[in-house]
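Engineer: Okay, predicted coordinates and the sequence, questions at the end:
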Amino acid sequence: MKQDVIQSGKKAVLLVPQKYLGLKGLIFFITLMAMFIPLSIDLYLPAMPTMMTYFNTTSAMVNLTLVAFYFFFAAGIILFGPLSDKYGRKMILITSLSLYTAGSVACALSPSIEQLILFRVFQSLGAGGVMAISTALVKDCFSGKIKSKVLAAVQAMGVLAPMIAPIAGAAILRVADWREAFWILAIIGALTLSVTLLFQESLPKSERYKGSLGGSLVRLFVVGKNVGFSTFLFVAAMMAAPYMAYVTLSSYIYQEFFSLDAQTYSFFFAVNSGLAVLGPVIYIRTIGKISPRRFTWCCFLVALASGMGVLFLGSLSPFLFLFTYLPFTLVEGAIRPFSTNILLDQVSEDVGSASSLINAVHTILGSAGMALGSLAWGNMIHGLGLIMVGATLTVIVIWGVFLQSKITIKGLKE
């Protein structure tokens, strides 16, 4: 497939031609796909306490709609990413979006909490395919510093979803119930599917994996056996665990612990999510000004300080809880595009498999954070603080050992 050379400042950027979407349309398309996961989670967060009453169930069962989604989201990433290396991005993307849209409709029609959990599995498998391919498209279509900036821009724009979603979810509760949230997700899935029809394949047949179906899945292990890749991926992805624990606990902390209503909670959640846009901005501003190794250390130390703040001060007021958790949000927002850019640079082929591993490990560790957040903590804020401190200390120890080892990773530890 012929590639166009587009000038961006002094850097030449190779872009797979997009006759209908163009450069800006492609970036918007990738950004829209990256918003699927926060939309699918955050839109109905304000309704979770009321869903307990609606289904006459426990908070643990309602939390399973989150945990199940996140776990099978990882399964979808692992399945569809390698398949896109074999069958192309567009066909797998159409399949994933169809599954997501159908799953969203089924969730909206669920008569019981058990069926809602089941249909969230189908929805999450489709969302996993969408996320894996959105990351692969960045590697397919961009190169050089512009790739770093696109990753950061997509991450920053994706912040709009968790910022707006809970506010929209709380507004929905004023005029309808939780089902409308899933109808909205179904509409978003259908609209994205229609845009996919305009997308031109970014992986030519000549560059696809030629082996068997099973062999395409084995490529995950080929990428994963790179010790430097796997170690740094685990270190960076560990930040997802405390963040998703916060997502799981936030509605209960603000509405039950601090006795705020759903609308007020949604504003607190939106402020935290909105300021997360500064994370990718910080990363962009530090490119070329601070070494990747020093940037990583700074992220981990700020995360540790934030965890200590939540543990010892977060219970005093909703404002202190917000302000002590915010630094961790900034770190999580900065380290995701930073680490993804470095990890994608480790592969020249099997990009779909690499994308799958990157997103899957973040998701699996995020699921672990959700599970830890769902434990019966005597004080939910103290529980969250312990999760933050424990995860960050674990990362710091592994990172220190990694730096002292002979393991190399391009662009970080040669």
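Structural biologist: Nice, I can see it. Numbers count the residues shown, from 1 in each chain.

Engineer: residues touching the residue lying closest to residue 193 once chain neighbours are set aside, list them.
Structural biologist: Once flanking residues are discounted, residue 193 sits nearest to residue 97: 4.2 Å by C-beta to C-beta, 6 or more residues apart in numbering. Backbone N, C-alpha and C define where each C-beta goes, glycine included. Contacts of residue 97 were listed using C-beta atoms under 8 Å, 6 or more residues apart in numbering, and they are 126, 129, 130, 189, 192, 193, 196.

Engineer: go with 6 Å
Structural biologist: 189, 192, 193 (C-beta atoms under 6 Å, 6 or more residues apart in numbering).

Engineer: By neighbours, which of those wins?
Structural biologist: Neighbour count (other C-beta atoms under 10 Å) singles out residue 189 as the most crowded of these, with 27 neighbours.

Engineer: that older thread, show me what counts as buried in the helix or strand harbouring the residue nearest to residue 193.
Structural biologist: Assessed by DSSP states H and E, residue 97 sits inside helix 89-108. Within helix 89-108, the residues that count as buried by 16 or more other C-beta atoms under 10 Å are 89-90, 92-93, 95-108.

Engineer: C-alpha coordinates for the host helix or strand of residue 188, CSV please?
Structural biologist: Assigned by DSSP H and E, residue 188 belongs to helix 179-196. Extracted in CSV, the C-alpha atoms of helix 179-196 (Å, rounded to 0.1, in the frame of the first residue of the first chain):
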residue,chain,number,x,y,z
ARG,A,179,-31.1,1.4,31.2
GLU,A,180,-30.9,4.6,29.2
ALA,A,181,-27.1,4.7,29.9
PHE,A,182,-26.7,1.4,28.0
TRP,A,183,-29.0,2.6,25.1
ILE,A,184,-26.6,5.6,24.7
LEU,A,185,-23.7,3.2,24.6
ALA,A,186,-25.5,1.2,21.9
ILE,A,187,-25.9,4.4,19.8
ILE,A,188,-22.3,5.3,20.2
GLY,A,189,-21.3,1.8,19.1
ALA,A,190,-23.5,2.0,16.1
LEU,A,191,-22.2,5.5,15.1
THR,A,192,-18.6,4.3,15.4
LEU,A,193,-19.4,1.3,13.3
SER,A,194,-20.7,3.6,10.5
VAL,A,195,-17.4,5.6,10.6
THR,A,196,-15.5,2.3,10.4
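
Engineer: which other helices and strands contact it?
Structural biologist: Contacts defined by 3 or more C-beta pairs under 6 Å, 6 or more residues apart in numbering; DSSP states H and E place helix 179-196 against helix 89-108, helix 160-175.

Engineer: which one of those helices lies closest to residue 403?
Structural biologist: helix 160-175 (32.6 Å; C-beta to C-beta).

Engineer: surely residue 38 meets residue 166?
Structural biologist: No. The pair residue 38 / residue 166 is not scored as a contact, 9.8 Å apart, by C-beta atoms under 6 Å.

Engineer: neighbour-wise, which of the two wins?
Structural biologist: With neighbours defined as other C-beta under 10 Å, residue 38 and residue 166 compare such that residue 166 has more, 31 against 21.

Engineer: in what helix or strand does the closest residue to that one other than its chain neighbours lie?
Structural biologist: Once flanking residues are discounted, residue 166 sits nearest to residue 266: 4.1 Å by C-beta to C-beta, 6+ apart. Using DSSP H and E, residue 266 falls within helix 262-275.

Engineer: Tell me which stretches of the stretch 1-150 of the chain form strands.
Structural biologist: With DSSP state E, counting those that start in this stretch as the criterion, the stretch 1-150 of the chain has strands at 4-8, 11-15.

Engineer: for the last one, what is the average pLDDT?
Structural biologist: Mean pLDDT, taken over the full extent of strand 11-15, equals 46.

Engineer: May I ask which helix or strand of this protein has the lowest mean pLDDT?
Structural biologist: strand 4-8 (a mean of 44; mean pLDDT, DSSP states H and E).

Engineer: rewinding a little: of the contacts of residue 97, closest to residue 327?
Structural biologist: residue 192 (33.0 Å).

Engineer: so who does that closest one touch?
Structural biologist: 32, 97.

Engineer: Now do it, the pLDDT please.
Structural biologist: pLDDT, the model's per-residue confidence, is 94 for residue 192.

Engineer: so where is this structure shaky, pLDDT-wise?
Structural biologist: By pLDDT under 70, the low-scoring segments of the chain are 1-15, 157-160, 162-163, 414.

Engineer: how about 50 then?
Structural biologist: By pLDDT under 50, the weakly predicted segments of the chain are 1-12, 14.

Engineer: In contact with residue 258, which residues?
Structural biologist: Applying C-beta under 6 Å, 6+ apart, the residues contacting residue 258 are residue 318.

Engineer: Tell me how far it lies from residue 217.
Structural biologist: Per C-beta to C-beta, to the nearest Å, residue 258 is found 46 Å from residue 217.

Engineer: What is the burial count for the closest residue to residue 100 other than its chain neighbours?
Structural biologist: Leaving aside its sequence neighbours, residue 100 sits nearest to residue 126 (C-beta to C-beta, 6+ apart; 3.0 Å). Counted by other C-beta under 10 Å, the residues lying close to residue 126 total 27.
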